[in-house]
Each structure stands twice: as structure tokens, then as C-alpha cells.
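Asker: No sequence on hand, only this structure:
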């Protein structure tokens, strides 16, 4: 298409040159007579034009010929510059088209290389997967062959013995773990809900318990509520009037719920009957109520349905119900069952 366009431009250039020559020469020929039909004319592209006429005719004025030749040469130069600029623009367009085509080819080549790399990576992954699958199949096949192969009696016996050992070791491990867990659970339950170790501070329970003795206490009686007269109990007396310590009290139950306690002339009476305390008190032990307790009426009081009247065995140095009043059932924390220290004085209560 580009070659045809350049050829057409050359033809149009020639046509323009001929038209320009004819326009300039035409008026000169009109000035001649009718005998100019046999004239001959030639024009050159170098900017000179001459008209040869017979001797009878008049010569063309030199000024007109020069002007015509100058105009023709200018038109020819304009046409030539137009052709050159057109050819250059075409070359530029061709070069730009070639550059674009080259860029397209490069991008296509790069995309092709990327696709080839991706394809190669996929092929490598597929090859690795196929290799792994083959190995797995071989392994499974070898295992199945080993299983299908008949074992000799000796091999069968060895296999069963090995399995028995494995089972026994696993069983022993879990069995031991079970016993340990059960032991821990029982220990926790015993310590929290059944038996605890407590220490005695102070002399309020002498001579039965002395300061520094270690005792075991149980909490089952607290849950059942089956307290009896003469039981040694631990009492949470914090917040009661007349008690400023943080430790629990340790006292003996003397009066039970619903009973009337009266202390008179060093003796204790329950519902008007003298209480026999010779099992745990030394002979000639006298029980008195201080003035503060008498002012509050603790020397003679009828207990409520959940109240207990408790006193220490050392009646002369014990801070108990004679000063603080009766204790609620909810304040009784535990029951002393055994003295475990000193070892030479171990005793059950």
C-alpha cells in the first residue's frame, strides 16, 4: 500500500509541473499570430525554459520567460519538499509501527516464557506428586505382602508375645496413672472435707490439751450435726464481742440446743441437774462466771435450737461462752478426734 501511494504522488507531481508550465507559456503563445501552429517548445527542470519559434515570428520577451521559469522552479521545489516530508512522515510511521510490533513481539515472548516457566513448575510438581504416590503404593504393597505372607509358628508366637508386652506396658502405665489420680483425689477430699491437722495454741484446754500439741480433726460431724456433750470442737469466734484473735477456738461442748445452763457456787447445772465432769476435769475443779458475763446473763441461759454452750477445761483461764455467750452451730468448724503429737501422748477422744 505504501508503494502505490508514493507512485501516485510522483504522477501528481509531474502533472502539477506540466500544468504550471502550460499556465506560464500559454499567455505568451496567445500573443503570436496564427502561424505559431508549427512551433516547438522544450522546458527543462533546472529552472530555464526557452521557446523556439520560426524566424518569421516575434521573440518572447525575456522578462516574461524569466518570470515563468522562476515560478515553475518554485512550484517544483515546493512539490519536492512536500514529497520529501511525506516520505519522511511515512518512514516515521513505518518505524513507529515497527517499534510497536517489536514491543508486542517482546511482550508476547515474555508472556510465553512466563507460561513456559509456569508449565515447567506445574510439571515438576506433578512429577514429585507422582513419585510420592509411587513410593506410597510401593510401601503399602510391601506391607500387604508382609501381611499376606504366612508366618511360621515361631514368628507368630514372637509376634503375639510382642503384642502382649506392648499391651501390658500400656495397661500398666494407665493403671498406675489411674491409681495416682484416685489417691490424689482421695487425699484432697480427706483434707478438705474429712480430716485435717490442727495445732493447739494457749492453755485454755489444760490439762487435756497443751499449747503446741498437734491434733487431727474431722468435719463429717459438722455436715451431720451430730454433736454430743463432752465433744472437743474448734470454733470460729471471729467478730464476737470479747474475742480479738484470728485463730479458731478449741473448747468442749457443755450445753446442747434447747437446754438451760446454770452456773452457781462453782457448779454447772443442766436443766437443774448437777453435771458430772469428772471424766475430763481434775477433782475439785470449780467453775465461775465473771462479772461481765453475769451482767449479760450468761450464768443462767436457755439455749436456742442451734446454739451450744462451750467452755475450756482450764476453767480459770478460758475465754468461752461464760464471757462471749453461746455459739451457733454454723460456727462449729470441726471435731477433735485424736492427739498425734507429742508421740508419747497419742490419744483418741
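Answerer: Cool, got the structure. Here the structure is a predicted model, which means the values were calculated and not measured. Residues are numbered from 1 along each chain as shown.

Asker: residue boundaries of the helices in this structure?
Answerer: 2-30, 62-148, 153-189, 220-224, 291-296, 321-324 (DSSP state H).

Asker: So for the fifth one, mean pLDDT?
Answerer: Confidence over helix 291-296 (mean pLDDT, whole number) is 93.

Asker: Same check on the fourth one?
Answerer: Taken as a whole, helix 220-224 carries a mean pLDDT of 90.

Asker: counting contacts, what elements does that helix pack onto?
Answerer: Applying 3 or more C-beta pairs under 8 Å, 6 or more residues apart in numbering; DSSP states H and E, we find helix 220-224 packed against strand 332-341. Just so you know, the C-beta spots here come from the backbone N, C-alpha and C atoms, and that holds for glycine as well.

Asker: buried stuff in the strand it packs on?
Answerer: Neighbour counts over strand 332-341 (16 or more other C-beta atoms under 10 Å) mark 332-337, 339 as buried.

Asker: Check stretch 205-214 too.
Answerer: Going by 16+ other C-beta under 10 Å, stretch 205-214 has these buried residues: 205-206, 208-209, 213.

Asker: Adding pLDDT and distance to residue 195 as columns, could you present those residues in JSON lines?
Answerer: Formatted as JSON lines, those follow (pLDDT from 0 to 100; distance: C-beta to C-beta, whole Å):
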{"residue": "205", "pLDDT": "95", "distance to residue 195": "20"}
{"residue": "206", "pLDDT": "94", "distance to residue 195": "25"}
{"residue": "208", "pLDDT": "95", "distance to residue 195": "20"}
{"residue": "209", "pLDDT": "96", "distance to residue 195": "17"}
{"residue": "213", "pLDDT": "96", "distance to residue 195": "16"}
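
Asker: Could you dump the buried residues of strand 332-341 into TSV and include distance to residue 240 and pLDDT?
Answerer: Listed next are the buried residues of strand 332-341 as TSV, based on distance: C-beta to C-beta, whole Å; pLDDT from 0 to 100:
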residue	distance to residue 240	pLDDT
332	13	96
333	14	93
334	18	95
335	20	96
336	21	96
337	25	94
339	27	96
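
Asker: So which of the residues you listed is the closest to residue 134?
Answerer: residue 334 (74.1 Å; C-beta to C-beta).

Asker: how many neighbours does the closest residue to that closest one other than its chain neighbours have?
Answerer: The shortest distance from residue 334 to any non-neighbouring residue, by C-beta to C-beta, 6 or more residues apart in numbering, is to residue 217 (3.8 Å). Counted with other C-beta atoms under 10 Å, the neighbours of residue 217 add up to 22.

Asker: Tell me which residues touch residue 217, please.
Answerer: Applying C-beta atoms under 8 Å, 6 or more residues apart in numbering, we find residue 217 in contact with 195-198, 234, 333-337.

Asker: neighbours around residue 186, how many?
Answerer: Neighbours of residue 186 using other C-beta under 10 Å come to 11.

Asker: Can you tell me who the residue nearest to residue 334 pairs with across the strands?
Answerer: Residues in a beta bridge with residue 217, per DSSP bridges, are residue 196, residue 336.

Asker: and if you look at residue 348?
Answerer: Here residue 348, judged by DSSP bridges, has bridge partners residue 338.

Asker: What number of residues are in the vicinity of it?
Answerer: Residues within reach of residue 348, counting by other C-beta under 10 Å, total 8.

Asker: so it makes contact with residue 337?
Answerer: Yes: under the criterion of C-beta atoms under 8 Å, residue 348 makes contact with residue 337 at 6.7 Å.

Asker: Domain parsing of the protein, as residue ranges.
Answerer: Under the assignment automatic domain parsing, the domains of the chain span 2-106, 196-348.
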